[in-house]
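Visitor: this one's structure only:
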């Protein structure tokens, strides 16, 4: 809805109610599952809606605000875990004290 307009400048109010929270409820074999507007759009293959109007701006803002931080954290945790796993599986401890120590630290970290 348009709040006000002055020449070429227009202020609009975007009603975002239900964009991320549950819109409808569907019952499945596992129980009741709540779906957001974005899930419904993707499930119904209406991706054209996401490229129309202000949706790209909203999605970009949500990515920058929430998802990018979570993605970077999960990605760095995964890379660190795989590095530790590589060290643990590639090292042959033999009789060296330091090799045993590195393996123990890596195994505790995992």
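Guide: Done, it's in. Given the structure is predicted, the values throughout are model-derived calculations rather than measurements. Residues are numbered from 1 along each chain as shown.
Visitor: In three-state terms, label residue 4 for me.
Guide: strand (DSSP: H, G, I helix; E, B strand; the rest coil).
Visitor: correction: residue 38
Guide: Of the three states, residue 38 takes helix under three-state DSSP.
Visitor: okay, now it: neighbour count?
Guide: 18 (other Cβ atoms under 10 Å). From N, CA and C alone the C-beta is placed, and that goes for glycine too.
Visitor: any idea how far residue 84 is from it?
Guide: 35 Å (Cβ to Cβ, to the nearest Å).
Visitor: in whichever strand or helix holds residue 98, what's buried?
Guide: Using DSSP states H and E, residue 98 sits within helix 97-109. Buried residues in helix 97-109, counted by 16 or more other Cβ atoms under 10 Å: 103, 106.
Visitor: And it, what does it pack against?
Guide: Other helices and strands packing on helix 97-109, by 3 or more Cβ pairs under 8 Å, 6 or more residues apart in numbering; DSSP states H and E, are helix 68-90.
Visitor: Thank you, goodbye.
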